[in-house]
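Enquirer: only geometry, no sequence info:
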């Protein structure tokens, strides 16, 4: 049930540079939405005509690959207007500052995670389940993200000017300022790391407050999207609403301890 409509490496009749080959470009919605998949984590590129929005920005050092992906689609990186960060982990905001400095994009994040992204506070420590420990060791290999300026601090319910009205959904638990981004006009939901899609759809790992994360997952599932884009794992494009609801209810059940899940 999970997957994308098509998948391509960055090719346009010739072999791409090495830095691009380290990242997969996956079409999710033709002419609208692509996923940028890194060795750990991923970002999403939304298109309103020639105007571009990034949801998350990959790890530090991935700005060249992201620029290459944008150009490979025949788009201009200077049309990148905003970078919306779902939370304050380095595999999601690491390249945001460099991209913003290059192309003038504005960086947006929830007000509770903004101090971490700016480097003013440490990353909040997760409460790890035993089976998450080896995954956490892998997550620690992500390059350290530099302090990154945030131009706009977001709050729950704000509507952003892309995707015909993108609604900020506060989804705490993974981090205090985790958010989802809901595009009701297109039936698209970006979940950040609140929900994961590796192997199965499930509650994301490395939560600072698991009970709060479960409540956030239930809230996101209640939006009944037709396309769900996770921080880790393939986008869900069929039976999406029913699958999210079943996964959220499973996470909320007592003594639920699903195993191996994504990093982030």
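Expert: Received it, and whenever you're ready, just let me know what you need. The shown structure was predicted, so the numbers you read here are calculated from the model rather than taken from an experiment.
Enquirer: switch to C-alpha atoms for all contacts and neighbour counts from now on
Expert: OK.
Enquirer: remind me which residues of the chain are low pLDDT?
Expert: 1-21, 255-264 (pLDDT under 70).
Enquirer: Repeat the analysis, applying 90 as the threshold.
Expert: 1-22, 39-40, 129-143, 199, 254-264 (pLDDT under 90).
Enquirer: So which residues of it form helices?
Expert: Taking DSSP state H, the helices of the chain run over residues 18-21, 63-72, 90-93, 96-103, 114-117, 133-139, 210-221, 240-252.
Enquirer: What is the third one packed up against?
Expert: What that stands for is helix 90-93. strand 42-48 (3 or more CA pairs under 8 Å, 6 or more residues apart in numbering; DSSP states H and E).
Enquirer: swap in the fourth one?
Expert: Secondary-structure packing of helix 96-103 (3+ CA pairs under 8 Å, 6+ apart): helix 63-72, strand 80-84, strand 106-110.
Enquirer: Format the ones you listed as JSON lines; extra columns: mean neighbour count.
Expert: JSON lines is the format used below for the helices and strands packed on helix 96-103 (neighbours: other CA atoms under 10 Å):
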{"stretch": "helix 63-72", "mean neighbour count": "20"}
{"stretch": "strand 80-84", "mean neighbour count": "24"}
{"stretch": "strand 106-110", "mean neighbour count": "23"}
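Enquirer: Now these in TSV, please, with extra columns for distance to residue 91.
Expert: Output for the helices and strands packed on helix 96-103, formatted as TSV (distance: least, CA to CA, whole Å):
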stretch	distance to residue 91
helix 63-72	12
strand 80-84	14
strand 106-110	15
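Enquirer: circling back to that earlier point, most packed of the helices of the chain?
Expert: Of all those, helix 90-93 has the most neighbours on average by mean count of other CA atoms under 10 Å, namely a mean of 28.
Enquirer: any residues touching it, and which ones?
Expert: With contacts defined as CA atoms under 8 Å, 6 or more residues apart in numbering, helix 90-93 is touched by 40-43, 56-60, 85-87, 117, 142-145, 264.
Enquirer: chain center to it, what's the gap?
Expert: Distance of helix 90-93 from the chain centroid (CA atoms, centre = their mean, to the nearest Å) equals 9 Å.
Enquirer: and if you look at stretch 144-153?
Expert: 16 Å.
Enquirer: ok now do the residue nearest to residue 93 when sequence neighbours are not counted, which residues does it touch?
Expert: Spatial nearest neighbour of residue 93, excluding adjacent residues (CA to CA, 6 or more residues apart in numbering): residue 57 at 5.1 Å. Going by CA under 8 Å, 6+ apart, residue 57 touches 42-43, 63, 83, 85, 91-96.
Enquirer: and if you look at residue 181?
Expert: Per CA under 8 Å, 6+ apart, neighbours of residue 181: 86, 166-169, 189-191.
Enquirer: if we look at the sheet, which residues does it bridge to?
Expert: In this structure, residue 181 bridges to residue 168, residue 190 when assessed by DSSP bridges.
Enquirer: got it, and residue 196?
Expert: Beta-bridge partners, per DSSP bridges, of residue 196: residue 202.
Enquirer: got a list of what it touches?
Expert: Counting by CA under 8 Å, 6+ apart, residue 196 has contacts 202-205, 230-233, 261-262.
Enquirer: got it, and residue 217?
Expert: Residue 217 touches 171, 194-195, 203, 248, counting by CA under 8 Å, 6+ apart.
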